[in-house]
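Visitor: Turn this into a structure:
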Amino acid sequence: MPASRPGAMFALLMLGTAPALAAENYDAHLGPSPLNDAMRPEMQGHGLIAVTLDGSTLTFDGKFDGLRAAPVNARLLLSPGIGIPAPNNKVADLSVTGDGNGGSLSGTVKLTSAQQRALKTGKLYITVGSAKYPGGNGMLWGWVLPAHERAAANEPQQGHWFLPNIDVPKK
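Guide: Numbers count the residues shown, from 1 in each chain. From the prediction side, this is the model:
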């Protein structure tokens with residue numbers, strides 16, 4: 001048996017037992033999104049959506065509460081940048097259930113390679129539309145960002161708190 005053959009057999013054995021790439025964890029912290037002063041009294045609530053990227057499949061699961069109107073839709077949208085809405089740039093519809101007090105959001109979306117790059121640079125966000133504002137403005141919204149520790153109310157945040165892995169300039 002040539003000397004290279006046992007090495008090749010070992011490599012194949014190790015490759016067959018190597019773990020699959022780990023799923024990446026993200027989340028979206030939902031908050032009210034009034035677009036003008038007239039909408040402000042109607043907008044309240046918050047939520048946290050757990051988001052997992054496994055290969056090219058993005059999975060959503062979370063809850064929200066404190067709404068003033070029943071949720072009627074949820075969307076995943078593509079933005080030109082963090083904090084810049086683009087309500088006409090829909091990636092997918094998500095499932096939403098609930099009433100004027102709160103609800104849940106879920107869904108699974110297969111991302112293109114361009115959408116995966118957008119996710120990794122903070123350009124995907126979620127909106128939840130209400131019965132009063134269903135047309136893409138969203139009643140709640142939040143950007144899908146790497147999962148990170150959140151400080152409690154009135155608790156100082158230690159370390160690099162803004163947007164881990166995204167707000168550092170890339171050269």
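
Visitor: Determine which residue lies closest to the centroid of the protein.
Guide: residue 144 (2.8 Å; Cα atoms, centre = their mean).

Visitor: partner strands of the helix or strand hosting it, parallel or antiparallel?
Guide: Following DSSP states H and E, one finds residue 144 within strand 140-146. Each strand paired with strand 140-146, and its direction, by DSSP bridges: strand 24-32 (antiparallel), strand 124-130 (antiparallel).

Visitor: hmm, who's touching the first one?
Guide: Going back to what we said before, that points to strand 24-32. Applying Cβ atoms under 8 Å, 6 or more residues apart in numbering, the contact partners of strand 24-32 are 43-54, 60, 62, 64, 119, 125-126, 128, 139-148, 150. For the C-beta atoms, the positions are set from N, CA and C on the backbone; glycine is no exception.

Visitor: How about the last one?
Guide: The set of residues external to strand 124-130 that reach it, using Cβ under 8 Å, 6+ apart, is 28, 30, 33, 42, 47, 49, 60, 64, 67-79, 85, 87, 91, 94, 96, 105, 115, 118, 135-144.

Visitor: repeat for stretch 85-95
Guide: Residues from elsewhere that reach stretch 85-95 (Cβ under 8 Å, 6+ apart): 33, 60, 73-80, 105-107, 109, 111, 115, 124-127, 135-138, 141.

Visitor: ditto for stretch 71-78
Guide: Contacts of stretch 71-78 (Cβ under 8 Å, 6+ apart): 58, 60, 64, 85-87, 89-98, 103, 105, 107, 109, 115, 118, 123-131, 134, 136, 138-139, 144.

Visitor: swap the cut-off to 7 Å and go again
Guide: Residues from elsewhere that reach stretch 71-78 (Cβ atoms under 7 Å, 6 or more residues apart in numbering): 86-87, 89-96, 98, 103, 105, 109, 115, 118, 123-131, 134, 139.

Visitor: cool, and stretch 99-112?
Guide: The list of residues contacting stretch 99-112 from outside it, by Cβ under 7 Å, 6+ apart, reads 49, 56-71, 74, 76, 91-92, 94-98, 119, 128.

Visitor: Which ones among the residues you listed map onto strands?
Guide: Residues of these located in strands (DSSP state E): 49, 57-65, 71, 74, 76, 91-92, 94-98, 128.

Visitor: From the residues you listed, list the buried ones, please.
Guide: Neighbour counting with 16 or more other Cβ atoms under 10 Å marks 49, 58, 60, 62-64, 71, 74, 76, 91-92, 94, 96, 98, 128 as buried within those.

Visitor: and residue 27, how many neighbours?
Guide: 20 (other Cβ atoms under 10 Å).
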